[in-house]
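*Asks:* would you be able to build a 3D model of this:
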Amino acid sequence: MVNTAVKYDIEVIRDEARQLVRKGLVNPNQPIYALCQYIPGREWVCVEVELERNEFLLRDHIIDLLGSEEWSED
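*Replies:* This next block holds a predicted model:
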């Protein structure tokens, strides 16, 4: 059986969060946990592990995950 699970490294998570913010689906000031609505449950566990490895907490803000990017809405 082939493993078709998506590999979530920190850059993939950041890209996903960036897209959700740009689409207006999440706010950069929301906690990172808000992203779980848009990532399948079976894959969310992998996201949590990767966030923890990179010293992010689910209660941290999405903007912390994205870093010091410039936002046109600021």
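*Asks:* shaky segments in the protein?
*Replies:* Residues of the chain meeting the criterion pLDDT under 70: 1-6, 68-74.
*Asks:* go with 90
*Replies:* 1-8, 41, 67-74 (pLDDT under 90).
*Asks:* how near is Asn54 to Lys23?
*Replies:* Look at Asn54 and Lys23: by CB to CB, to the nearest Å, they are 24 Å apart. All C-beta atoms are positioned from the backbone trio N, CA, C, and that covers glycine.
*Asks:* okay, the two: which has more neighbours?
*Replies:* Asn54 (12 against 9; other CB atoms under 10 Å).
*Asks:* can you tell me which residues contact the residue nearest to that one when sequence neighbours are not counted?
*Replies:* Counting by CB to CB, 6 or more residues apart in numbering, Asn54 lies nearest to Ile10, which is 4.8 Å off, once chain neighbours are set aside. Counting by CB atoms under 8 Å, 6 or more residues apart in numbering, Ile10 touches Glu50, Leu51, Arg53, Asn54.
*Asks:* just the buried residues out of those, in PyMOL syntax.
*Replies:* Here is the PyMOL command that selects the buried residues among the contacts of Ile10 (16 or more other CB atoms under 10 Å):
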select buried, resi 50+51
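*Asks:* as JSON lines, the contacts of Ile10 with distance to Asp60 and secondary structure would be great.
*Replies:* Formatted as JSON lines, the contacts of Ile10 follow (distance: CB to CB, whole Å; DSSP: H, G, I helix; E, B strand; the rest coil):
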{"residue": "Glu50", "distance to Asp60": "14", "secondary structure": "helix"}
{"residue": "Leu51", "distance to Asp60": "8", "secondary structure": "helix"}
{"residue": "Arg53", "distance to Asp60": "14", "secondary structure": "helix"}
{"residue": "Asn54", "distance to Asp60": "11", "secondary structure": "coil"}
